[in-house]
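Engineer: got a predicted structure here, sequence first:
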Amino acid sequence: MLAGLALAAWLVSRPGGAALVGDPAALQRAMLSYPLYRLVNMGITLVAIVGSVALAGRFLDRRRFADFGFHLGRGWWLDLAFGMALGAALMGCIFLAEWAAGWLTIAGTLHAPDTQPFVPAILSALLGFVAVGFYEELFSRGYELRNLAEGLNGRLLGERGAIVVAWLLSSSFFGLLHAGNPNATPVSTASLVGAGLFLGLGYVLTGELAIPIGLHIGWNFGQGNVFGFPVSGTQAGPTFIAIAQGGPELWTGGAFGPEAGLIGLAAILAGSAMIVLWVRARRRQVGLFAALAGAPRQLTAEG
């Protein structure tokens, strides 16, 4: 926290920095100008969420940290790689479809804001999205969805019904968490509920966070830093391809980004089908991972 306060004080001390207070758009532009601030801010959030989940898991839930979706092994890392590749590929398809339709034009390549060196800026963005993918999935899927499913599991819903309702509720909360983003609208918030269902699909089918984390990283980095789209209303900064967005906002999502448009919905549906096929190919069957709604295994004295 002290590091974050020091960085915030330094940012506000820059020329015009005092004007950032109470101006989210100006703060966003400043964070793009100082990528180290953005990276450290995300790192602090990562440590805070991981620490909070670990402590809550041990002392409140009596659940091992691995049981939130981190049973690491060759299969886990393979699923992570699949998720990253799928997220990036879907965003590539969105870019090609919009370019073919004439809805965007390429304005430049290897672009970084404010004459920043491109390589350090793009690496900072990648590390930032790795952190975001990890802590948002750990909180929204690993902790929230799992605890909701356990709490709802009873005579009325049963294990599978509890998982479905928990999946819907956690996805709704995920959408609401982004309702205050720049350029957010009721449509974008509803669309992010769908994105939450998409990100949670791999978790409810496998009980592991590998696919959701990989998908979140690949989608966001591809969206903002490879193809130059806004990421949930926020300009991600450095990008391999800089674009000028046009086309009908109903399809493109406009200033919020593709996930708020019909083209994003189409990608989510296609990606969901790919996840189901991947899980079936890897596990020879596909279905809800019923143990998500189960009580935690008893912790030993060693934890």
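Structural biologist: Right, received. Where do you want to start?
Engineer: can you give me the strands for the stretch 1-150 of the chain?
Structural biologist: 104-111 (DSSP state E, counting those that start in this stretch).
Engineer: which residues of it score low on pLDDT?
Structural biologist: 1-36 (pLDDT under 70).
Engineer: quick one: the helices in it?
Structural biologist: Ranges of helices in the stretch 1-150 of the chain, per DSSP state H, counting those that start in this stretch, are 2-13, 24-33, 35-56, 74-101, 118-137, 146-152.
Engineer: of these, which is nearest residue 283?
Structural biologist: helix 74-101 (9.1 Å; Cβ to Cβ). Yep, even glycine has a C-beta here, placed from its N, CA and C like the rest.
Engineer: for that closest one, name the packing helices and strands.
Structural biologist: strand 104-111, helix 186-206, helix 210-221, helix 262-283 (3 or more Cβ pairs under 8 Å, 6 or more residues apart in numbering; DSSP states H and E).
Engineer: so which of the ones you listed is the most packed in?
Structural biologist: With neighbours taken as mean count of other Cβ atoms under 10 Å, the helices and strands packed on helix 74-101 reach their highest mean count in helix 210-221, at a mean of 28.
Engineer: tell me the helix or strand right after it.
Structural biologist: strand 239-245 (DSSP states H and E).
Engineer: and the contacts of that next one?
Structural biologist: 95, 103-111, 122, 224-229, 252, 254-255 (Cβ atoms under 8 Å, 6 or more residues apart in numbering).
Engineer: residue 153 and residue 166, how far apart?
Structural biologist: According to Cβ to Cβ, to the nearest Å, residue 153 stands 9 Å off from residue 166.
Engineer: hey, what's in contact with both of these two?
Structural biologist: Common neighbours of residue 153 and residue 166 (Cβ under 8 Å, 6+ apart) are residue 293.
Engineer: comparing the two, which residue is more hemmed in?
Structural biologist: residue 166 (26 against 22; other Cβ atoms under 10 Å).
Engineer: what helix or strand is that one on?
Structural biologist: Here residue 166 is assigned to helix 158-177, by DSSP H and E.
Engineer: low-confidence ranges in the stretch 201-303 of the chain?
Structural biologist: 236, 297-303.
Engineer: could you rerun that using 90?
Structural biologist: Residues of the stretch 201-303 of the chain that meet the criterion pLDDT under 90 lie in 234-237, 294-303.
Engineer: start to end distance for stretch 51-67?
Structural biologist: 15 Å (Cα to Cα, to the nearest Å).
Engineer: residue 258 against residue 264, yeah?
Structural biologist: Yes - at 4.1 Å, residue 258 counts as touching residue 264 under the criterion of Cβ atoms under 8 Å.
Engineer: list the residues that contact both of the two?
Structural biologist: residue 94.
Engineer: let's verify residue 181: helix, strand, or coil?
Structural biologist: The three-state assignment at residue 181 reads coil, by DSSP: H, G, I helix; E, B strand; the rest coil.
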